[in-house]
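> After the sequence you'll find the predicted model.
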Amino acid sequence: MAKARNFLLLLLLVAFTIRVLWLAVEPLLPFVVSGLAVLLVLGFIYHRMTRW
């Protein structure tokens, strides 16, 4: 019984940690997505300019 309770406590802790991380990262998501898009465009332009 104690092992099951410890496992449930661990699950709760993991869920709480993931929730806190998500709350910390969520406001930054638009910046991350737009940054990746800009990098993709720049990489594509660089690839087009430098290929023979």
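That came through, no problem. Numbers count the residues shown, from 1 in each chain.
> shaky segments in this structure?
52 (pLDDT under 70).
> Check which element follows the longest helix along it along the chain.
Counting residues, the longest helix found in the chain (DSSP state H) is helix 2-25. The first helix or strand that comes after helix 2-25 along the chain, using DSSP states H and E, is helix 29-50.
> and the angle for that next one with helix 2-25?
Here helix 29-50 runs at an angle of 70 degrees relative to helix 2-25 (axes from the mean of the first three to the mean of the last three CA atoms, to 10 degrees).
> V33 versus the residue most central in space within the chain, what's the distance?
When the chain is reduced to its mean C-alpha position, the nearest residue by CA atoms, centre = their mean turns out to be V25, at 7.2 Å. Separation of V25 from V33 (CB to CB, to the nearest Å): 12 Å. Bear in mind the C-beta positions are built from the backbone N, C-alpha and C, glycine included.
> quick one: A37 and R48, what's the gap?
Per CB to CB, A37 is found 17 Å from R48.
> repeat for V14
45 Å.
> Kindly report the same for L42.
11 Å.
> do N6 as well
In terms of CB to CB, N6 sits 57 Å off from R48.
> Check F16 too.
47 Å.
> Then S34?
Going from S34 to R48 by CB to CB gives 21 Å.
> next one: L39
With CB to CB as the criterion, L39 and R48 are 15 Å apart.
> for R5, same thing?
R5 is 60 Å from R48, by CB to CB.
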